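Student: would you be able to build a 3D model of this:
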Amino acid sequence: MFKQLKEMICEFVEIEEEKITMEAKLIEDLGFNSYDLMCLIGEIEERLDIEISEQDAVNLRTVQEVVDYISAQVA
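Tutor: Have a look, this model is predicted:
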C-alpha cells in the first residue's frame with residue numbers, strides 16, 4: 001500500500017519518491033496544498049474503490065495516517 005501511495009503522491013507534487021516516508025506530513029513536508037490533497041483523495045477513492053468522507057480527509061495529515069486509513073477501508 002505504501003509503494004502505491006508514494007507513486008500517487010509523486011503524480012500530484014514534484015518530489016523524489018525517496019523523500020516520501022511514513023512520517024512525512026503531506027502539507028508541511030511534501031508540499032501539498034489543499035487542492036492537491038483533495039485531488040489525491042479523489043485518486044485514492046477511484047483507484048481503490050473506496051469512499052473517504054470529507055471529515056476523514058481533513059484528519060489525514062501524514063503518509064502513515066493515509067496508509068492506515070486505506071488499510072482499514074480495504075480490509
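Student: contacts for stretch 35-54?
Tutor: Stretch 35-54 has contacts (C-beta atoms under 8 Å, 6 or more residues apart in numbering) with 4-5, 8-9, 11-13, 26-27, 32, 57, 60, 66, 69-70, 73-74. In short, each C-beta sits where N, CA and C put it, glycine included.
Student: got any ranges where the chain has weak pLDDT?
Tutor: By pLDDT under 70, the chain contains no weakly predicted segment.
Student: how far does the longest helix anywhere in it sit from its chain's centre?
Tutor: Taking DSSP state H as the criterion, the chain has its longest helix at helix 34-48. Relative to the mean C-alpha coordinate of its chain, helix 34-48 is positioned 7 Å out (C-alpha atoms, centre = their mean, to the nearest Å).
Student: mind checking what helix or strand follows that helix in sequence?
Tutor: Counting by DSSP states H and E, the next helix or strand C-terminal to helix 34-48 is helix 54-58.
Student: for the most centrally placed residue in the chain, which non-adjacent residue is spatially closest?
Tutor: When C-alpha atoms, centre = their mean is applied to the chain, the residue found nearest the centroid is residue 66 (5.2 Å). In this structure, residue 66 finds its nearest non-sequential neighbour in residue 60, 5.0 Å apart by C-beta to C-beta, 6 or more residues apart in numbering.
Student: that neighbour: what's it in contact with?
Tutor: Neighbours of residue 60 in contact, by C-beta under 8 Å, 6+ apart: 26, 41, 52, 66, 69.
Student: do the same with residue 20
Tutor: Neighbour list for residue 20: 6, 9, 10, 30, 63 [criterion: C-beta under 8 Å, 6+ apart].
Student: in strands, which of those residues fall?
Tutor: With strands taken from DSSP state E, there is no overlap with the contacts of residue 20.
Student: related to what we said a few turns ago, turn the contacts of residue 60 into TSV, including distance to residue 18.
Tutor: Listed next are those as TSV, based on distance: C-beta to C-beta, whole Å:
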residue	distance to residue 18
26	17
41	24
52	26
66	18
69	23
